[in-house]
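Undergrad: Show me how the following folds:
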Amino acid sequence: MLDMLWLMFLFFLMIAWIWVIIGVISDIFRSKDLGGWGKGFWALFIIIPWLGVLCYLIARGSEMHERSLHMLAESEKIQRALPLLLMNLPS
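TA: Reported below is the predicted structural model:
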């Protein structure tokens, strides 16, 4: 019974870790203030399991949040404009 509980916990941690890695890598390539070499460096540094992600979140964590808010605002603006664009299409 405890083995199954431990296995479920480890599976949850693995899924959470994959989620964090995907979020950080998508933020690296979404960032406009990093050049190609900077993005490559961070992407390679993220491969070091805990240290790379921890350093990235310390160095660029607040900017990561700002980029997410900016992207959310842009998608919300597009969603609000879409019905108006669809109503004005010629039939």
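Undergrad: Name the residues of the least confident helix or strand in the chain by mean pLDDT that are buried.
TA: Within the chain, no helix or strand scores below helix 49-87, which has a mean of 84 by mean pLDDT, DSSP states H and E. Buried positions in helix 49-87, judged by neighbour count with 16 or more other C-beta atoms under 10 Å: 52-53, 56, 60, 64, 67. Quick note: C-beta positions are derived from backbone N, CA and C, even for glycine.
Undergrad: Could you say which helix or strand holds the residue most central in space within the chain?
TA: Nearest to the mean C-alpha position of the chain, by C-alpha atoms, centre = their mean, lies Gly23 at 2.5 Å. Following DSSP states H and E, one finds Gly23 within helix 2-30.
Undergrad: Compute the mean per-residue pLDDT across that helix, please.
TA: Regarding helix 2-30, the rounded mean pLDDT is 91.
Undergrad: So which other helices or strands are in contact with that helix?
TA: helix 36-46, helix 49-87 (3 or more C-beta pairs under 8 Å, 6 or more residues apart in numbering; DSSP states H and E).
Undergrad: out of those, nearest to Met1?
TA: helix 49-87 (29.8 Å; C-beta to C-beta).
Undergrad: Give me the distance from the closest one to the chain's centre.
TA: Taking C-alpha atoms, centre = their mean, to the nearest Å, one finds helix 49-87 lying 8 Å from the centre of the chain it belongs to.
Undergrad: could you give the angle of it to helix 2-30?
TA: Orientation of helix 49-87 against helix 2-30 (axes from the mean of the first three to the mean of the last three C-alpha atoms, to 10 degrees) gives an angle of 60 degrees.
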